[in-house]
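Trainee: I need the structure of the sequence given here:
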Amino acid sequence: MTGAGPESGSDAAEGRLAAYLERIRRAHPEIEIHSATLDDAAGQFNDLVLVNGELVFRFPKTPETEHSLEREAALLRALQGRLPLPVPNPIYTSTDPRTGLPDHVGYMLLAGEPLWCDTLAGLPIEDRRAIAAQLGEFLQALHGLGPEELNLDLPIRDTPDDWQRLYEAFRAELFPFVRADAREQVTREFGAFLGDPGSSGREPVLRHGDFGGSNILYDPGTRRVTGVLDFGSAALGDPAVDLAALTTYGPELIGHVGLAYPELLSEDRMSRARFYRGTFALQQALWALRSGDRADFEDGIHDYV
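Mentor: Numbers count the residues shown, from 1 in each chain. Okay, here's the model as predicted:
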């Protein structure tokens, strides 16, 4: 039996890939498949299949993800031509006859690689400024699109009730792992945020919801942003959520983003962004705990134990 585990895992992945390719062939017989790879680690909620090095197909892992993928595909179609940077265009879709929801969606692979913090930091100042302008212009355009204009029924997120539920999840699921002074600090921060009338007195906008390095594509040749991925968390919510994600790049970038999108850096939005960013590590730990990802859990909880 030695070695059976890894071999079985490889065989299982190959079997899943073969099944996915059969579903693609049935739904889209016009596609000639010359090569294909399965990247089941790339998406938390979807399996990704790369076909011919140029087409990305996403297969939802759960019924809940089918609903999310349906909303995301509708939003992406509505966003085509409305933003200053490319976003995926789900030109291939197929419906699961059992649920009436998407079996999969497919789109052309967007060029570029993730814009990590270290990548940005290593660029000349003029390129960092140009990238910041691109990001600011993109967010300004995205945040300015209303649901009526897009003709979509979008979920509302980032409400005080949402953050109260997240705090309760932290208390119930993470606090047993967290040292006492860190528990007290998290409790104080959530208490101050939830007790601030300004945390709920906002008009929600269309925000991305996961505007970080893995979803911002960059061309090392031109040293410019080439596209934005993963609108699975997009909703009507607080623009400061996107600002919070951008703060991971550092204050210099935020300052340059503000030149293109000054309203984003208002004092109240900056204050909320600081609070949101302060929850990122615990959010990572919570999702990892629920999914059984030990390494990701330990990385997220590290500063709290």
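
Trainee: surely His143 and Glu203 touch.
Mentor: No. With contacts defined as Cβ atoms under 8 Å, His143 does not count as touching Glu203, sitting 10.6 Å away. C-beta coordinates here come from the backbone N, C-alpha and C atoms, glycine included.

Trainee: with neighbour numbers in mind, choose between these two.
Mentor: Ranked by neighbour count (other Cβ atoms under 10 Å), His143 and Glu203 place His143 first, with 18 against 7.

Trainee: for Gly15, give its distance to Leu21.
Mentor: To Leu21, Gly15 is 11 Å away according to Cβ to Cβ, to the nearest Å.

Trainee: and for Ser199?
Mentor: Per Cβ to Cβ, Ser199 is found 48 Å from Leu21.

Trainee: more neighbours, those two?
Mentor: Ser199 (20 against 17).

Trainee: can you map out the strands along the stretch 51-200 of the chain?
Mentor: Here the stretch 51-200 of the chain has its strands, by DSSP state E, counting those that start in this stretch, at 55-60, 92-95, 102-108, 113-114.

Trainee: nearest approach to Asp238 belongs to which of the ones you listed?
Mentor: Asp238 lies closest to strand 113-114 among the strands of the stretch 51-200 of the chain, at 24.3 Å (Cβ to Cβ).

Trainee: how far off centre is the closest one?
Mentor: Strand 113-114 sits 14 Å away from the centroid of its parent chain (Cα atoms, centre = their mean, to the nearest Å).

Trainee: would you map out the domains in the protein?
Mentor: Following automatic domain parsing, one gets these domains for the chain: 4-108, 113-304.

Trainee: just the strands of the stretch 51-200 of the chain: most buried one?
Mentor: Most buried of the strands of the stretch 51-200 of the chain by mean neighbour count (mean count of other Cβ atoms under 10 Å) is strand 55-60; its value is a mean of 23.

Trainee: other SSEs contacting the helix or strand harbouring Gly227?
Mentor: Assigned by DSSP states H and E, Gly227 belongs to strand 224-228. Counting contacts by 3 or more Cβ pairs under 8 Å, 6 or more residues apart in numbering; DSSP states H and E, strand 224-228 packs against helix 125-143, strand 216-219.

Trainee: so how far is stretch 18-25 off the chain centroid?
Mentor: The answer for stretch 18-25 is 26 Å, by Cα atoms, centre = their mean.

Trainee: er, stretch 90-107 actually
Mentor: On Cα atoms, centre = their mean, the centre of stretch 90-107 falls 20 Å from that of its chain.

Trainee: just the CA atoms of that stretch, as PDB, please.
Mentor: These are the backbone C-alpha positions of stretch 90-107, laid out as PDB (Å, rounded to 0.1, in the frame of the first residue of the first chain):
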ATOM      1  CA  PRO A  90     -18.100  34.600 -19.800                       C
ATOM      2  CA  ILE A  91     -18.700  33.800 -23.400                       C
ATOM      3  CA  TYR A  92     -19.100  30.000 -22.700                       C
ATOM      4  CA  THR A  93     -21.900  28.900 -20.300                       C
ATOM      5  CA  SER A  94     -23.800  25.700 -19.700                       C
ATOM      6  CA  THR A  95     -26.700  25.000 -17.300                       C
ATOM      7  CA  ASP A  96     -26.900  22.100 -14.900                       C
ATOM      8  CA  PRO A  97     -30.300  20.500 -15.900                       C
ATOM      9  CA  ARG A  98     -30.800  19.300 -12.300                       C
ATOM     10  CA  THR A  99     -30.600  22.800 -10.800                       C
ATOM     11  CA  GLY A 100     -31.100  25.200 -13.700                       C
ATOM     12  CA  LEU A 101     -27.900  26.900 -12.500                       C
ATOM     13  CA  PRO A 102     -24.500  27.100 -14.200                       C
ATOM     14  CA  ASP A 103     -22.700  23.900 -14.700                       C
ATOM     15  CA  HIS A 104     -19.700  26.000 -15.700                       C
ATOM     16  CA  VAL A 105     -18.600  29.300 -17.300                       C
ATOM     17  CA  GLY A 106     -15.700  29.900 -19.600                       C
ATOM     18  CA  TYR A 107     -13.800  32.900 -20.900                       C
END
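
Trainee: contacts for it?
Mentor: Residues outside stretch 90-107 that contact it (Cβ atoms under 8 Å, 6 or more residues apart in numbering): 20, 23-24, 27-28, 31, 51, 55-60, 63, 66-67, 69-70, 72-73, 76-77, 88-89, 108.

Trainee: if we use 10 Å, what do you get?
Mentor: Residues from elsewhere that reach stretch 90-107, judged by Cβ atoms under 10 Å, 6 or more residues apart in numbering: 20, 23-24, 26-28, 30-31, 46-47, 49, 51, 55-60, 63, 65-77, 80, 87-89, 108, 229.

Trainee: are any of those residues buried, and if so which?
Mentor: Listed as buried from the contacts of stretch 90-107 are 20, 23-24, 27-28, 31, 46-47, 49, 51, 55-60, 65-66, 68-77, 87-89, 229; burial here means 16 or more other Cβ atoms under 10 Å.
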